[in-house]
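1. sequence and predicted model, in that order:
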Amino acid sequence: DGGITQSPKYLFRKEGQNVTLSCEQNLNHDAMYWYRQDPGQGLRLIYYSQIVNDFQKGDIAEGYSVSREKKESFPLTVTSAQKNPTAFYLCASSPAPGQRLNTEAFFGQGTRLTVV
Amino acid sequence: SQQGEEDPQALSIQEGENATMNCSYKTSINNLQWYRQNSGRGLVHLILIRSNEREKHSGRLRVTLDTSKKSSSLLITASRAADTASYFCATVSINTGGFKTIFGAGTRLFVKA
């Protein structure tokens, strides 16, 4: 089945630790995104990548880092510099915007990160 | 404030009634999309309407777009309990840095059986 997979579904982190959230897609999409969702709120863009080996900061990139070494994978690291990391994290992918802008994004099922 | 802002924040209706949700935005857009999110899950794309379109249908969904008012509405007809979810609009805009997709805060719909 084609799709986008996030893991783990639930993640607990101690204060001061870095954690990495996985996002893998087999849709052959060029663009991938990470969003953060807080209770009762919309999605805020953390980072996005439109092509392998390239990525840009979104609106709330501080305390986060990403890599895009492979087209299929876009892992997000939540560093100890992120002061309030407890949230629901969503990964998404879409075809390259320059080629097919009028298309939807496909989302993973999310990772719920809790700092303990 | 965010580019896409939904109204109302929450909506409670009886099964069989119609549900209308609105989205307003501030800048020019290339297209506007509506998504649905069940509690604790990812978002699922519902419908996309381009900036040169005024209305679009998909099953029980009807989306309108008024670019002069910078607003869109999502109508769900003959609602069902299974329609209970949060609904988000997302605007896609082109800028010098490429494109940008901005999501609103969503409308939480509760359909009572």
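-> Happy to help now that I have it.
2. residues of chain A that sit close to chain B?
-> With the criterion set to CB under 8 Å from any CB of the partner chain, chain A comes near chain B through A:6, A:33, A:35, A:40-45, A:50, A:56, A:88, A:90, A:92, A:97-98, A:101-110, A:112. Bear in mind the C-beta positions are built from the backbone N, C-alpha and C, glycine included.
3. buried ones from the residues you listed, can you make that a ChimeraX selection?
-> To isolate the buried ones among these in ChimeraX, judged by 16 or more other CB atoms under 10 Å in any protein chain shown, type:
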select /A:6,33,35,42,43,44,45,50,88,90,92,97,101,103,104,105,106,107,108,109,110
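4. strands paired with the longest strand seen in chain B, and their directions?
-> Ordering each strand of chain B by length in residues (DSSP state E) puts strand B:85-95 first. With DSSP bridges as the test, strand B:85-95 is paired with strand B:31-37 (antiparallel), strand B:98-103 (antiparallel), strand B:107-112 (antiparallel).
5. dump those to a markdown table, plus mean pLDDT, distance to B:A90 and mean neighbour count.
-> Supplementary listing: those in a markdown table, determined by pLDDT from 0 to 100; distance: least, CB to CB, whole Å; neighbours: other CB atoms under 10 Å in any protein chain shown:
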| stretch | mean pLDDT | distance to B:A90 | mean neighbour count |
| --- | --- | --- | --- |
| strand B:31-37 | 94 | 5 | 23 |
| strand B:98-103 | 77 | 5 | 20 |
| strand B:107-112 | 96 | 13 | 18 |
